[in-house]
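Trainee: need a 3D model of the sequence below.
(one chain, ligands or ions: 1)
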Amino acid sequence: MQVHWHRRDLRRHDNRGLALAAGLHGERSGPAVPLFIFDDAVLDHGSASRVRFMLDALAELRAEYRARGSDLLVRRGDPRKVVPDVATAVDADRVVWNRDYSGLARERDADVRQALVDADQPREAVHDHLHHEPGSITTNAGDTYSVYTYFGRKWKDREKDAPYPAPEADDLADISGDPLPSLADLGFDEPEGSVPEAGHEAASRRLETFCADAIERYEESREYPARDDTSRLSADLKWGTIGVREVYEATTEAMAAAESEAAEESVEEFQAQLAWREFYTHVLADSPRVVTENYKSYEDPIEWQNDSEELAAWKAGETGYPIVDAGMRQLRRESFMHNRVRMIVASFLTKDLMIDWREGYAHFKNKLVDHDTANDNGGWQWAASTGTDAQPYFRIFNPMTQGERYDPDAEYIHTYVPELRGVDADRIHSWHELSDAERTAAAPDYPAPVVDHSERREDALAMYEAARGESD
Ligand SMILES: Cc1cc2nc3c(=O)[nH]c(=O)nc-3n(C[C@H](O)[C@H](O)[C@H](O)COP(=O)(O)OP(=O)(O)OC[C@H]3O[C@@H](n4cnc5c(N)ncnc54)[C@H](O)[C@@H]3O)c2cc1C
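Mentor: Below you'll find the predicted structure:
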């Protein structure tokens, strides 16, 4: 028997470590004993929406194993002790897991590896979470790329593996598993927002629907939040309810079916987003400090203003900037936010409110069902002009023109800001220019802008210039 320790790979299909443990590639071995451990050190970084999604995904995974005469072993505790204990209890020939690249996970995995070495239990960690492992795409000098462009070119040119086969009844150990804890057992309340259906079946449906249609117009459509034309696979990729090879294979099929240059370019644009995800994971693996520190150095600390009332208005979606408020309310309602709007709200927090990106990152971490350390950090540091490939600090989004350009008919705003439903798009996009009397007449319950964008733009430039950044 070989134990496969599931972590952020909650699927049976296209799972390299599981396929290895089940004897489906590499040397013949198996059958696999699937294991999941609730680790309080990891749960401390969890949030209600993400743990809800994870529990739902685990329930599906367990049902898949049960349907094949096997089960999921479920434990709660410190993996440093639990993994060797389980390996001993089932008399495992080997313990296998897929590597995880965050700093916390790497420390834990090194300790678990050592505990297995000490117990003389064979073990193997394999690469599964990305197409190309951190350290495998580097500059000619062997360094991790600090800008995306060259990374992206190399990523695109590299061959991609085909999906790994999923274990069936014969490949899985005949074991009885354990009940799953509830959200409350794990110390979480029900999430404020809805959470998408979790599991491989739902993820495959999302992928299929997207590749059947929206992928061909993705390049343009992805910018317009009201169209909702993106794949919505982020939580699946975060939790591994779908494998990256399966996703990529679907995109190559979409490419083959594309009948115009524009459609082909759109498929390529989508593949490039998958490469961005890998780029940020390479950056995180190389520089774990980015979770708390600026990636890019400024000569002096940036003097963020960190006004608590403005931060509260931003979190509540009450800033009086309609596109910002719509995004922040989508986040609360759906535990998700469209990418274009993430960029707008992040720019607004850091450059209009002059609040430290770490506050925004913490709020996203608390609310997003797809929070992923590498991508979330990459996105925030990009917006704050402190990251790799960051916006130069003097490029400051104007939240009104962003709203006008990307939500011209205010459909997205109307969806998430009910107070503005009776107000036409022109007045919404000039909300900052209306008099108080006009605003009160149009939407009495919707606030006036909390700050003046033009003034704050100048203040933010001064703040960055005082820190003497080298971002230009
Ligand atoms: C401030 C900020 C915070 C963000 N936080 C996260 C996060 O916590 N988790 C997360 O997965 N993405 C994050 N993103 C990136 C992006 O917004 C989401 O991946 C995307 O909106 C998810 O929707 P989708 O799956 O429909 O994306 P699609 O457009 O369909 O993209 C497909 C996949 O590519 C990846 N991807 C897309 N855009 C990016 C990007 N800019 N950077 C890295 N990977 C990308 C994601 O895995 C995504 O699921 C953040 C962006 C910003 C600006």
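
Trainee: how about this protein: which residue is closest to the ligand?
Mentor: As assessed by Cβ to the nearest ligand atom, the ligand sits closest to Gly379 within the chain, at 2.4 Å. Placement of C-beta: from N, CA and C, glycine included.

Trainee: distance of that residue from Val244?
Mentor: Counting by Cβ to Cβ, to the nearest Å, the separation of Gly379 from Val244 is 19 Å.

Trainee: thinking again about what came up before, for the residue of the chain closest to the ligand, which non-adjacent residue is spatially closest?
Mentor: Arg342 (6.1 Å; Cβ to Cβ, 6 or more residues apart in numbering).

Trainee: isn't that neighbour up against Gly327?
Mentor: Yes - judged on Cβ atoms under 8 Å, Arg342 makes contact with Gly327 at a distance of 7.0 Å.

Trainee: the two: which is more packed in?
Mentor: Ranked by neighbour count (other Cβ atoms under 10 Å), Arg342 and Gly327 place Gly327 first, with 28 against 22.

Trainee: what sits closest to the more buried one if chain neighbours are left out?
Mentor: Nearest to Gly327 is Val341, by Cβ to Cβ, 6+ apart, at 3.5 Å.

Trainee: how about the contacts made by Tyr464?
Mentor: Taking Cβ atoms under 8 Å, 6 or more residues apart in numbering, we find Tyr464 in contact with 298, 302, 385, 393-394, 471.

Trainee: of those, just the buried ones, PyMOL syntax please.
Mentor: Buried members of the contacts of Tyr464, defined by 16 or more other Cβ atoms under 10 Å, are picked up in PyMOL with:
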select buried, resi 298+302+385+393+471
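
Trainee: what residues does the stretch 251-400 of the chain put near the ligand?
Mentor: Listed as neighbours of the ligand in the stretch 251-400 of the chain under the rule Cβ under 6 Å from any ligand atom: 273-274, 276-277, 280, 339, 342-343, 346, 364, 368, 370-372, 375-376, 378-380, 383.

Trainee: what is the nearest of the contacts of Tyr464 to Asp174?
Mentor: Distance to Asp174 across the contacts of Tyr464 (Cβ to Cβ) is lowest for Ser385, with 56.3 Å.

Trainee: the closest one reaches Ile396, doesn't it?
Mentor: No - using Cβ under 8 Å, Ser385 is not in contact with Ile396; the gap is 9.1 Å.

Trainee: what do these two both touch?
Mentor: By Cβ under 8 Å, 6+ apart, no residue touches both Ser385 and Ile396.

Trainee: now do the longest strand that the chain contains: which elements does it pack against?
Mentor: When the chain is parsed with DSSP state E, its longest strand is strand 32-38. Here strand 32-38 touches strand 2-6, helix 16-21, helix 48-66, strand 73-76, helix 79-89, going by 3 or more Cβ pairs under 8 Å, 6 or more residues apart in numbering; DSSP states H and E.

Trainee: turn those into TSV, columns for distance to Ser194 and mean pLDDT.
Mentor: Converted to TSV, the helices and strands packed on strand 32-38 look like this (distance: least, Cβ to Cβ, whole Å; pLDDT from 0 to 100):
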stretch	distance to Ser194	mean pLDDT
strand 2-6	25	98
helix 16-21	30	97
helix 48-66	9	98
strand 73-76	26	98
helix 79-89	31	98
